[in-house]
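K.L.:
Based on what follows, work out the 3D shape:
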Amino acid sequence: MADGRDNAGPIAVHDFAAVAAEIRARGLPVLLMVTSQDCSYCHRLESEYLRPMWISGEYEGVTVLLRKLEVDQLRELRDFNGEMIAVKDFQRRYKAFLTPTLLFLNARGEQISERILGYNTPELFGDYIYRGIDEARARL
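P.N.:
Residues are numbered from 1 along each chain as shown. Reported below is the predicted structural model:
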């Protein structure tokens, strides 16, 4: 694509201290999808909503940072405060054991909009996401 945006979709992350720095620098919340490789609902959510949001160029870096945490790919990650923690502890903090879970977070790792659990009613799901983004931006 002309703007360098590829079709990959949200960036997989494991360093949330870097995500926090990006949130502060850009003044945007992060929409974090907690996902796993074997989750068919995760793949559908990403292909039907998050990837198109990424490709459009209207969301990523403009209204929100789109990121994903692939929980079955890591044992540890760098938390928002820079410390290494177990992925399971990160999931426990956000009650994000069900995949997919969408979290709307600020630079301190605080939830600033209601999380979205699972992927049901695909025809209404866009509204849930856009409402979450709007609420997160208002609370940032």
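
K.L.:
Identify the residues contacting stretch 127-139?
P.N.:
Contact with stretch 127-139 is made by 28-29, 31, 49, 53, 59, 63-64, 102, 104-106, 112-114, 116, as judged by CB atoms under 8 Å, 6 or more residues apart in numbering. C-beta coordinates here come from the backbone N, C-alpha and C atoms, glycine included.

K.L.:
which residues touch residue 28?
P.N.:
Counting by CB under 8 Å, 6+ apart, residue 28 touches 61-65, 137, 140.

K.L.:
Compare those residues and tell me which has the most neighbours.
P.N.:
The most crowded member of the contacts of residue 28, judged by other CB atoms under 10 Å, is residue 64 (24 neighbours).

K.L.:
residue ranges of the helices in the protein, please?
P.N.:
16-26, 40-45, 51-56, 87-94, 122-139 (DSSP state H).

K.L.:
closest to residue 79 out of the ones you listed?
P.N.:
helix 16-26 (5.6 Å; CB to CB).

K.L.:
buried sites along that closest one?
P.N.:
Within helix 16-26, the residues scored as buried using 16 or more other CB atoms under 10 Å are 16-17, 19-20, 22-23.

K.L.:
Could you do stretch 79-96 as well?
P.N.:
79-80, 85, 87, 90-91, 94, 96.

K.L.:
related to what we said a few turns ago, reformat the buried residues of helix 16-26 as JSON lines; add pLDDT and distance to residue 123.
P.N.:
Shown next, in JSON lines, are those (pLDDT from 0 to 100; distance: CB to CB, whole Å):
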{"residue": "16", "pLDDT": "98", "distance to residue 123": "32"}
{"residue": "17", "pLDDT": "98", "distance to residue 123": "37"}
{"residue": "19", "pLDDT": "97", "distance to residue 123": "31"}
{"residue": "20", "pLDDT": "98", "distance to residue 123": "34"}
{"residue": "22", "pLDDT": "96", "distance to residue 123": "32"}
{"residue": "23", "pLDDT": "97", "distance to residue 123": "31"}
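
K.L.:
got any ranges where the chain has weak pLDDT?
P.N.:
1-7 (pLDDT under 70).
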